[in-house]
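prediction below, plus the sequence it came from.
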Amino acid sequence: QDPVLAIVGRPNVGKSTLVNRILGRREAVVEDTPGVTRDRVQYTADWNGRNFTLVDTGGWERDARGIHLRVAEQAEIAVEMADVVLLVVDAVVGITASDEAIVRMLRKAGKPVVLVGNKVDDIVQEADNASLWGLGLGEPYPVSAVHGRGVADMLDHVMDVL
Ligand code: GDP
Ligand code: MG
């Protein structure tokens, strides 16, 4: 049984783009419309010769209702299944109330969390990434899921935790 890495975060932070980057192919659906990945979607991935199961989730939101509540529940199930959780935050937007609510949910779950500041396309956004220390989850790993920047360093760290 491969270890499980679950990717969570609010809608539109770039979770599915990051999944595609890690897989090295386009499989997870990326949309400009928030909340496109409805359920948990599992993939087999590998990094440096180690296999793991990657679970993409829909966006977890605070005070979710209707379909959004279902999506949030699926994300919570993914967290329960996970050995390690990758929390993706949009570094450029910065910390939102939903990000803080996800952190509380993850604290209750008690799983190891690696914090990722996405959309750091350029050195210019490194300062935005540094603001994510404010979530209290330790070092935020800056990545650009679109360009691949920082992803290798982040995955090396994930493999140390997984
Ligand atoms: P999800 O809802 O968290 O799965 O987000 P998606 O992967 O569907 O991406 C949402 C939007 O953010 C899309 O328009 C992506 O192209 C964009 N996006 C994702 N990653 C990056 C990134 O690293 N940099 C920039 N500039 N945009 C990104
Ligand atoms: Mg998605």
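Cool, the structure landed. As the structure is a prediction and not an experimental result, all values here were calculated from the model. Ligands and ions are numbered 1, 2, ... in the order given.

need the three-state assignment for the spatially closest residue to residue 111 that is not a sequence neighbour.
Counting by Cβ to Cβ, 6 or more residues apart in numbering, residue 111 lies nearest to residue 85, which is 5.0 Å off, once chain neighbours are set aside. Any C-beta I mention is one placed from the backbone N, CA and C, and that applies to glycine too. Here residue 85 is strand, with the state taken from DSSP: H, G, I helix; E, B strand; the rest coil.

I'd assumed residue 89 was in contact with residue 99.
Yes. With contacts counted by Cβ atoms under 8 Å, residue 99 reaches residue 89, the gap being 5.4 Å.

the more surrounded of these two?
Neighbour totals were compared for residue 99 and residue 89, and residue 89 leads with 29 against 23 (other Cβ atoms under 10 Å).

what bridges to that one?
Using DSSP bridges, the bridge partners assigned to residue 89 are residue 117.

buried sites along the longest helix along the chain?
Scanning the chain for the longest helix, with DSSP state H as the assignment, gives helix 67-81. Neighbour-count burial for helix 67-81 flags 68, 71-72, 74-76, 78-79 (criterion: 16 or more other Cβ atoms under 10 Å).

likewise stretch 87-97?
87-91, 95.

report pLDDT for the residue nearest to residue 111.
pLDDT recorded at residue 85 is 98.

show me where the protein has its strands.
If you assign secondary structure with DSSP state E, the strands in the chain sit at 4-8, 41-47, 50-56, 84-90, 113-118, 140-142.
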